[in-house]
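Visitor: Mind folding the following:
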Amino acid sequence: MRKLRYKEGDVFAVPFEGGGFCLGVVARMPRGGKLLLGYFFEPRLDRVPGADEAPKLRPGKAAKVVIFGDLFLMKGRWPVISRIKDWNRSDWPMPKFVRREELSKRAFLVTYCEDDPTIVVSEERCDFNISGFEIDSVWGAGFAEAVLAKVIR
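Guide: Have a look, this model is predicted:
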């Protein structure tokens, strides 16, 4: 089993091509890692803050909450810079995601296991035009960097 460089509650920095960073929080991880639930935050930072200067992050202020691959955390490209003080995973919930089927115009709210963002617990039918939920997808680390660079201001 590989040695993980992170754990739930860790705050890490995501660098952007062309400059800047955003901060992320590991909110869920299965045993052994690989696919994680992360909360990602604005604003775009000019540099990686030190552990003593990292801003106080709150789940309700996240710009994105997604399931993503841990490759760049494992390689150290996304450095872990601090830990959420008094980490309590119940404060950082596993959200529902929306999956849309374009051809049939059907949509589903997808619920994942609280302990493992790779396990679907249930899917419930919902309105195709529902809003307020992230798209049900898994982002590779490189894709996450590219999307976050466009989203984080």
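
Visitor: Low-confidence ranges, this protein, go.
Guide: In the predicted model of the chain, residues 1-2 satisfy pLDDT under 70.

Visitor: Next up, the contacts around the spatially most central residue of it.
Guide: Centroid check for the chain by Cα atoms, centre = their mean gives G38 as the closest residue, at 2.0 Å. Contact analysis of G38 by Cβ atoms under 8 Å, 6 or more residues apart in numbering lists 24-27, 65-68. (Glycine included, C-beta is placed from N, CA and C.)

Visitor: What distance do you get for the most far-flung residue of the chain relative to its centre to S122?
Guide: Going by Cα atoms, centre = their mean, the residue of the chain most distant from its centre is S104, 28.8 Å out. Separation of S104 from S122 (Cβ to Cβ, to the nearest Å): 19 Å.

Visitor: Quick one: end-to-end distance for stretch 126-143.
Guide: 27 Å (Cα to Cα, to the nearest Å).

Visitor: Check which residues of that stretch are buried.
Guide: 126, 133, 136, 139, 141 (16 or more other Cβ atoms under 10 Å).

Visitor: if we can go back for a sec, remind me which helix or strand the residue farthest from the centre of the chain belongs to.
Guide: S104 is part of no helix or strand when elements are defined by DSSP states H and E.

Visitor: go on, G142?
Guide: Applying DSSP H and E as the criterion places G142 in helix 141-151.

Visitor: right, and F41 touches A62 too?
Guide: Yes: between F41 and A62 there is a contact at 5.8 Å, judged by Cβ atoms under 8 Å.

Visitor: circling back to that earlier point, what I need now is the contacts of G38 written out in TSV, including neighbour count and distance to K85 for each item.
Guide: Shown next, in TSV, are those (neighbours: other Cβ atoms under 10 Å; distance: Cβ to Cβ, whole Å):
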residue	neighbour count	distance to K85
G24	26	17
V25	25	12
V26	26	15
A27	24	15
V65	19	20
V66	24	24
I67	20	25
F68	28	23
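
Visitor: Dump those into JSON lines; add secondary structure and distance to T111 as well.
Guide: JSON lines is the format used below for the contacts of G38 (DSSP: H, G, I helix; E, B strand; the rest coil; distance: Cβ to Cβ, whole Å):
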{"residue": "G24", "secondary structure": "strand", "distance to T111": "22"}
{"residue": "V25", "secondary structure": "strand", "distance to T111": "20"}
{"residue": "V26", "secondary structure": "strand", "distance to T111": "20"}
{"residue": "A27", "secondary structure": "strand", "distance to T111": "15"}
{"residue": "V65", "secondary structure": "strand", "distance to T111": "14"}
{"residue": "V66", "secondary structure": "strand", "distance to T111": "15"}
{"residue": "I67", "secondary structure": "strand", "distance to T111": "13"}
{"residue": "F68", "secondary structure": "strand", "distance to T111": "18"}
